[in-house]
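S.K.: quick one: sequence plus predicted model below, questions after.
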Amino acid sequence: MAILIDGYNLIHAAGILGGGVGRGGLERSRLALLNLLAESVPAAELPNTTVVFDARRAPPGVPRQLTHRGLTVLFATAHASADELIEELIRADHAPRRLTVVSSDHRLQRAAQRRRARAIDSDRWYEELLRQRGAGGQVEPAAPLKPSAPEFGEVEYWLGQFDGEDIADDGIFPPGYGEDL
């Protein structure tokens, strides 16, 4: 059985994009998804699992194809979108009846169904993955990404960037906040 995953679609369905804002956030979200998949997809299925991402958000210098903990990862650098590459992969599959396409994109689902492949919405597949993971006694699902605590000196740095402005004036912070910093 082969699994073909619309990467950003699954990131959104799984709620992993929580860390996807700010510099490097999208890369962290991709890595979080790939690690979750590597820990959750049965080991025998990992070599037959491909995750496709749009290339316009690919990390600088990343190859079009790489392997991450047994998963094949493709960036659609030669295509207008990941959808186009996924459609091409569906058409090229030698045994489409053994293929599962994970995407909530109806265009991709229709392309899979035309080849008699299984098409499943990303959120439903993710729920199934977590259920199987829990039933198999594997580790619990990854916690949502949260901002880390500031590193030593980081608060002082940012306060310096605002050149002593009174940060409590905007009404967001309670009176006296930051006076002990």
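M.R.: Looks like it came in fine. Remember, predicted model here, so these are calculated numbers, not experimental data.
S.K.: what ranges do the strands span in the chain?
M.R.: Under the criterion DSSP state E, strands of the chain are mapped to 2-6, 49-54, 65-68, 71-76, 99-102, 118-120.
S.K.: of all those, which lies closest to Glu39?
M.R.: strand 71-76 (10.7 Å; Cβ to Cβ). From N, CA and C alone the C-beta is placed, and that goes for glycine too.
S.K.: ok, residues contacting the closest one?
M.R.: 7, 34, 37-38, 41, 46-47, 49-55, 58, 62-67, 82, 84-85 (Cβ atoms under 8 Å, 6 or more residues apart in numbering).
S.K.: just the buried residues of the residues you listed.
M.R.: In the contacts of strand 71-76, burial by neighbour count holds for 7, 34, 37, 41, 46, 49-55, 58, 82, 85, counting by 16 or more other Cβ atoms under 10 Å.
S.K.: so what's Ala112 up against?
M.R.: Going by Cβ under 8 Å, 6+ apart, the list of residues near Ala112 reads Ile90, Pro96, Leu99, Val101, Arg118, Ala119.
S.K.: meant to ask about Ile11
M.R.: Leu17, Gly20, Ser29, Arg30, Leu33.
S.K.: between those, which sits nearest Leu129?
M.R.: Of all the contacts of Ile11, the one with the least separation from Leu129 (Cβ to Cβ) is Leu33, at 11.3 Å.
S.K.: that older thread, most surrounded residue in the contacts of Ala112?
M.R.: Val101 (27 neighbours; other Cβ atoms under 10 Å).
S.K.: show me where this structure has its helices.
M.R.: Ranges of helices within the chain are 7-14, 25-40, 82-92, 106-114, 122-135, 154-161, based on DSSP state H.
S.K.: of all those helices, which gets the most neighbours per residue?
M.R.: Of these, the one with the most neighbours on average (mean count of other Cβ atoms under 10 Å) is helix 7-14, at a mean of 22.
S.K.: quick one: mean pLDDT for that helix?
M.R.: Averaging pLDDT along helix 7-14 gives 93.
S.K.: need the CA coordinates for it. CSV is fine.
M.R.: Written as CSV, here are the backbone C-alpha positions of helix 7-14 (Å, rounded to 0.1, in the frame of the first residue of the first chain):
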residue,chain,number,x,y,z
GLY,A,7,1.7,18.2,3.0
TYR,A,8,0.3,21.6,3.7
ASN,A,9,-3.2,20.4,3.6
LEU,A,10,-2.4,17.9,6.4
ILE,A,11,-0.5,20.5,8.4
HIS,A,12,-3.6,22.6,8.5
ALA,A,13,-6.0,19.7,9.2
ALA,A,14,-3.7,18.5,12.1
